[in-house]
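> Here's my sequence, what's the structure:
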Amino acid sequence: MSGWFPIAVSWTLACVFGTALHHKLDDPARFRASLAAYRLVPESLTMGVCIAVILLESLTVCALLLATPLGLLLATLMLAGYALAMAINVLRGRQHIDCGCGDAPTPVSWFTVARNLCLIALAFWALTMHTTWPALDIWGVLFCAASAAIAFGLYQCAEELLANRSRHQRLWLGITT
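Reported below is the predicted structural model:
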């Protein structure tokens with residue numbers, strides 16, 4: 001079954017990046033505000049970086065759906081960039097900003113950095129296992145799709161826990177906005 005692992009990981013990451021891309025395209029103003037809040041690029045370049053991120057995420061999703069090594073490599077590099085941006089802001093003490101990863105506002109924290117590091121490890125592991133893709137028969141496709149659906153469901157549960165953690169902290173501190 002190890003031949004199917006990279007495909008299942010690719011499809012799982014396609015769901016992760018596809019969901020993030022959907023939220024960026026659904027509310028571009030919010031994405032731009034999230035990106036600007038990181039304060040890593042000059043304000044004048046924010047729109048260009050937003051467009052570049054959206055294009056790169058689109059390319060990553062397509063390459064992951066095709067289960068190519070390029071998709072896993074792009075996912076690894078993009079996740080590393082996101083983890084670095086989050087870590088820089090956590091170290092700066094700027095944990096109030098939204099990570100920009102999805103629908104529910106989730107402040108950057110060491111938890112979000114760790115989440116990305118886990119995804120990086122998974123993508124890199126799958127990338128190192130790539131030799132040649134096995135022929136996809138119907139059972140292989142179903143197995144990979146089911147594995148990806150289960151893994152993505154677990155990922156979504158973890159995302160909800162992170163979002164609820166930030167909601168709980170705001171309630172505990174008496175912050176109503």
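> thinking residue 7 is in contact with residue 145, fair?
No: using Cβ atoms under 8 Å as the test, residue 7 is too far from residue 145 to be in contact (9.4 Å). Glycine gets a C-beta too; all of them are placed from N, C-alpha and C.
> mind checking the end-to-end distance for stretch 89-109?
Counting by Cα to Cα, to the nearest Å, you get 9 Å between the two ends of stretch 89-109.
> Buried residues, it. List them.
Neighbour-count burial for stretch 89-109 flags 89-90, 95, 97-102, 105-109 (criterion: 16 or more other Cβ atoms under 10 Å).
> next one: stretch 63-82
Here stretch 63-82 shows 63-65, 67-68, 71-76, 78-80, 82 as buried, counting by 16+ other Cβ under 10 Å.
> Off-centre distance for it?
When distances are taken as Cα atoms, centre = their mean, to the nearest Å, stretch 63-82 is centred 10 Å away from the chain's centroid.
> Contacts made by it with the rest, please.
6-7, 9-11, 13-14, 17, 56-57, 59-60, 62, 99, 101, 116, 119-120, 123-124, 126-127, 130, 133 (Cβ atoms under 8 Å, 6 or more residues apart in numbering).
> Distance of residue 46 relative to residue 10?
30 Å (Cβ to Cβ, to the nearest Å).
> neighbour count winner among these two?
Between residue 46 and residue 10, counted using other Cβ atoms under 10 Å, residue 10 has the larger neighbour count: 26 against 16.
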